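Student: coords below, sequence missing:
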C-alpha cells in the first residue's frame, strides 16, 4: 500500500525536488552565500509541511545547519538523518546540456547540479517521512534531522557543532544517503571512506610578469617552478614521493584484497565510459585498490601566467595549484599536510618563494557491516530491489562520518541511492528517478523495521 | 632652431600621442579587432596631416598594414620607417595604477599600454617629419612608412606582404624604433635579435572532469600529465632538455663574450628591482649571455582544472600551457618546433593525449654595427645626447627585422628610444617624455645627415 501511495504522489515529489534544485546553493563561492541561505529556508518550510517539530536554522561560522525532530515514538530507537543542502560549483558551464539550475527530466533521469549529490538523496528521507505521517499520523521511530550547507567544503564547521550539540543530536543510528550503488540494480552500503586533505600551493618569483625577450632565460619562472614542484610529488611509478606520506597506511591483507575484488569492475567498460586509452595509478595495485583502499594525491587545478587567446611572451611571476589527498587507515591529515609542506620546502626551486594554505582535513573511517542497524538497512534494500547490497570500500570522503561515529558513538548507515555514472561533481549531474521513488520505499521499510 | 620648434610644439605632440594611446588596439584579442582598425585609421589621418602621400590601409589576412610615402627628394636615399600600432594585452588589470587606455603623465613619464611599445616610439618619426616639413616645406630624404598591426602576434602576415611588395618597400635603410637604451642617458643601437617560436600544448585525459574520491588514484590526471611534460623540458641545470634544441647555436667566442660583458649589468640592483632572491638560468653562462645570446624555452602560462575559491576535488580532464622560445645563431624555428613536438611525443604520460598548436616563428638576426647607415644614426644620438650609443645583443625578438634585412637587402637600423625599465608587456607601461622629444630631435638630425 505504501508503494501505491508513493507512486500516486511521485509527480508532486519531483516537482518539489525541482524547486529545491533550482536554488544555486554553491557553498564554495561567496557570491552564492544568499542562495545557500535560501536553500536552508526552503528546507525549513519543507520539514514544517511534513510535521517535523523544533525546526531551527542554526548559524555557524560558515553556512547554517538545519535541525528538526519528531520525538514521540516512546521506547523506540532514534534515527539521526544527516544530509547536505549545498552543492558543488557548476563550472565548466559550457559542458552542461541544459543549465545546471534549471532541472529537467530526460530518460527518467532528473538533470541538475545537486540532483544526486545530495539534494535528491536527502529529499528521499523527507518524502519517506511524509508518506508514513500521511498514512499513520505518526512515525515508527524517533527522528532527528541535521542538514548542513558546507559538505562540499568538507564540513569545516560541523565537527565543533556536533561536539557542542551532542545531547541534541544523540541517536541510535546516523543514516546518510550520499553514496552510490555499485551499478543500477545493485545497491551498496558503503563501509569505508577515505579521509581527505586539501590545500593550495602558490609560487611567486619576480614582483611582476617580465618580458621573456628581455629577461627570458635569466630569471626564475613561477610557472616553471610550480610545475617542477608539482611533478616532484609523484615518482614515475605512480607512488607519492612525499617522505612520510604512507605512514599509517595498512599493508592490505589478503582478506581485504579479496573483499575489494568482489566489487564488480570491468576495465574495458570503465575506459570506454571515461574516454580513456589507459588507466593509471600506483604500481602493484588494482584499480579497485587504488581508488578504494590506497591513499592518493591529486592536483585538482593549476593556474598561472597568460591564459588568453594566442600568446603573450612573458616570464610569469606567480602561479598556483590546488592539491587534494585521499587518506586511509591511520593516516593523520595534519601530519600528511606537514609532510607535504616539508617536501615543498625541500624542493623549492632557486629564486621561487612558496606559500601554502590548507582547506580540508578529514580522518578516514571504517564501519562494521555486521552491525544490526546496517543489516536492517540491507534487509530493506533487499525487500524493495530484490537484491542484497554489497559493502564496498569507497574512495570518496564524507568527512563528517568519522565525527558522527566517534562523537555520538552511534553506527553510521551509509544508505546510498545514487549511481556512479550520475556525474556528481561534473557537468550534467543527474539522478535516476527510479531510485528516487524506490529509495523512498526503502527508507519507509527501514524505519518500520527499526520500530518493530 | 629645430630644437626650439620641437620644444614649442611638445605639448601638442603629447596630446596627439595620448589620443593614439587611448585606442585599445590589442591585436591578440578578437574582441578588439575593431579597435585595431581604428588605430590604423587614426594613423592614416595623422600621416595625411603632416603631408605624407599615397596613404593606404592595406588589408592582410589579419590586421591591416598602413603604408605612406613622400618621394620627392630626387637623388637622395630612401628610408623605410617601420613600426607597429598594435599593443600587448593589458592584463592583469588590477596591477595598473591608472587604466591602461587612459594615458596620464606622472613624473614626466607618459603611462599607457603601448606608450613605449610601440606607439610612442613610432610617433617620434611622425612628429620628426612634421617638424622638418613645417620648417623646410620638404624632406631631406625619401621616406616610406610601413606600419603593421600584428607585431605583438609576431607579424604572421607581414613576411608575405613584404615579399609581395618588394618594389613598393624598396629602400636604402629600414629604420625601426622599437628597442631600448641601456639605461637613461646611454643610447643603444641593437645589432642582434633573438628569433622566436611560440606554441600551445594541450593535454586531455578522460572525457570530463572526474570526482577525485571515486576515481582519484586510478585514472590519469591531465594537470599532472601536463606538469610532468612541462618539467621534462629542462634539466635541473637550466639547460633545455629537448633533443636537437641547441642545433645551430654558435659556441660563443671570447670576443663575443667580451662584447656582451661590456653592456653594464648590476646583479644586486637587478635582483632588487625585480624583487628576486636569486637569478636563474643555464649553468655556465652570465646573465647577459643567458638573456642576450643564448636560446631559451619559457612557459608563459598554464591553466587546467578548478581555479575558483577554495577547493573542488576533481581529477581534471584537460590542461594546457603556452610555451615560447628565443632562438639564436642558425637555429631554425620550424626545426625547433618539430624537436619539441617529438620530445612531447616521447614523454607522453600514460593515458594522456597531447595536442600542439604553433603561433610564432621568427629567425634570429645579426646586424653589422659598422654599416654607414648605423654609424650615421650613432652620430645623431651623440649630437643630441652627448654620448655615443652602445651596440647590444638584445634578447627580444622583432621577427620582421630578419625579413626586412633579407628580402629588401637593406641595412636595418634599430634606433630605440625606450628604457628597459618602462614595463613593456607589463602593467604600468610608460614612456619617458624626455626621450620622446629628444627622439624627435635625433631623428631629424639623422634624416638631415642622410640627405647630405
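Tutor: All right, it came through fine. Predicted model, so just to flag it, every value in this text is computed and none were measured.

Student: what element comes up after the helix or strand of chain A at the bottom of the mean pLDDT ranking heading to the C-terminus?
Tutor: One helix or strand of chain A scores below all others by mean pLDDT, DSSP states H and E: strand A:393-394, with a mean of 78. Once the chain leaves strand A:393-394, the next helix or strand it forms, by DSSP states H and E, is helix A:400-407.

Student: Burial check on residue A:421, number of neighbours?
Tutor: 15 (other CB atoms under 10 Å in any protein chain shown). For glycine as for every other residue, the C-beta is placed from the backbone atoms N, C-alpha and C.

Student: how is chain A carved up into domains?
Tutor: A:2-193+A:364-451, A:196-249+A:296-362, A:253-294 (automatic domain parsing).

Student: Any idea which of the ones you listed gets closest to residue B:292?
Tutor: When the domains of chain A are compared by CB to CB, domain A:196-249+A:296-362 sits nearest residue B:292, at 8.9 Å.

Student: Just the strands from the stretch 1-150 of chain A, written as ranges.
Tutor: Ranges of strands in the stretch 1-150 of chain A, per DSSP state E, counting those that start in this stretch, are A:53-58, A:65-70, A:78-84, A:104-106, A:109-111, A:142-148.

Student: what's in contact with the last one?
Tutor: Translated: strand A:142-148. A:40, A:43, A:47, A:52, A:63, A:65-73, A:76-86, A:122, A:125, A:129, A:155, A:158, A:161-162, A:168-169, A:171, A:400, A:447 (CB atoms under 8 Å, 6 or more residues apart in numbering or on different chains).

Student: and with 6 Å instead?
Tutor: Under the criterion CB atoms under 6 Å, 6 or more residues apart in numbering or on different chains, residues A:65-66, A:68-71, A:73, A:78-85, A:158, A:169 lie in contact with strand A:142-148.

Student: so what's residue A:378 up against?
Tutor: When contacts are counted by CB under 6 Å, 6+ apart, residue A:378 touches A:388-389.

Student: what kind of secondary structure is it in?
Tutor: At residue A:378 the chain is in helix, as set by DSSP: H, G, I helix; E, B strand; the rest coil.

Student: Against residue A:349, how distant is it?
Tutor: 53 Å (CB to CB, to the nearest Å).

Student: Likewise for residue A:435?
Tutor: Taking CB to CB, one finds residue A:435 at 50 Å from residue A:349.

Student: Those two: which has the busier surroundings?
Tutor: A side-by-side neighbour count of residue A:435 and residue A:349, using other CB under 10 Å, places residue A:435 first with 26 against 21.

Student: touching chain B at all, the one helix or strand residue A:269 maps to?
Tutor: For residue A:269, the enclosing helix or strand under DSSP H and E is helix A:267-274. Yes. Helix A:267-274 lies within reach of chain B by CB under 6 Å from any CB of the partner chain, at residue A:274.

Student: Which strands or helices does the next helix or strand after that helix pack on?
Tutor: Helices and strands here follow DSSP H and E; after helix A:267-274, the next one along the chain is helix A:287-292. Helices and strands touching helix A:287-292, by 3 or more CB pairs under 6 Å, 6 or more residues apart in numbering or on different chains; DSSP states H and E, are helix A:254-262.

Student: what about the helix it packs on and chain B, any contact?
Tutor: No. Helix A:254-262 is not in contact with chain B by CB under 6 Å from any CB; minimum separation 12.2 Å.

Student: quick one: that helix to chain centroid distance?
Tutor: The gap between where helix A:254-262 is centred and where its chain is centred comes out at 24 Å by CA atoms, centre = their mean, to the nearest Å.

Student: what is the rounded mean pLDDT of it?
Tutor: The average pLDDT for helix A:254-262 rounds to 85.

Student: swap in stretch A:89-100?
Tutor: 93.

Student: what does stretch A:75-83 give?
Tutor: The model assigns stretch A:75-83 a mean pLDDT of 97.

Student: what does stretch A:399-410 give?
Tutor: 92.

Student: Is it in proximity to chain B?
Tutor: No. Using CB under 6 Å from any CB, stretch A:399-410 stays clear of chain B, with a minimum separation of 10.8 Å.

Student: follow-up on the earlier one: wait, which of the strands of the stretch 1-150 of chain A is closest to residue A:93?
Tutor: Ranking those by proximity to residue A:93 (CB to CB) places strand A:109-111 first, at 13.8 Å.

Student: Measure how far the closest one is from the centre of its chain, please.
Tutor: Per CA atoms, centre = their mean, the centroid offset for strand A:109-111 relative to its chain is 19 Å.

Student: Could you name the helices and strands sitting against it?
Tutor: strand A:430-432.

Student: Tell me the bridge partners for the nearest residue to residue A:43 once chain neighbours are set aside.
Tutor: Once flanking residues are discounted, residue A:43 sits nearest to residue A:66: 5.0 Å by CB to CB, 6 or more residues apart in numbering or on different chains. Residues in a beta bridge with residue A:66, per DSSP bridges, are residue A:57, residue A:147.

Student: what about stretch A:77-88, near chain B?
Tutor: No. Using CB under 6 Å from any CB, we find that stretch A:77-88 stays clear of chain B, coming within 6.5 Å at best.

Student: Next, the buried residues of the helix holding residue A:269.
Tutor: Judged by neighbour count (16 or more other CB atoms under 10 Å in any protein chain shown), helix A:267-274 contains these buried residues: A:270-271, A:274.

Student: Looking at those residues, which one is closest to chain B?
Tutor: Using CB to the nearest CB, residue A:274 comes nearest to chain B of the buried residues of helix A:267-274, at 4.3 Å.

Student: ok, now which ones touch the nearest residue to that closest one once chain neighbours are set aside?
Tutor: Leaving aside its chain neighbours, residue A:274 sits nearest to residue B:206 (4.3 Å; criterion: CB to CB, 6+ apart). Contacts for residue B:206 (CB under 6 Å, 6+ apart) come out as A:274-276, B:317.

Student: Which of those has the largest number of neighbours?
Tutor: residue B:317 (26 neighbours).

Student: Check the stretch 201-350 of chain A for the residue nearest chain B and tell me.
Tutor: Using CB to the nearest CB, the closest approach of the stretch 201-350 of chain A to chain B is made by residue A:213 at 2.6 Å.

Student: Just to check, that residue is in contact with residue B:398?
Tutor: No. Counting by CB atoms under 6 Å, residue A:213 stays clear of residue B:398, with 8.9 Å between them.
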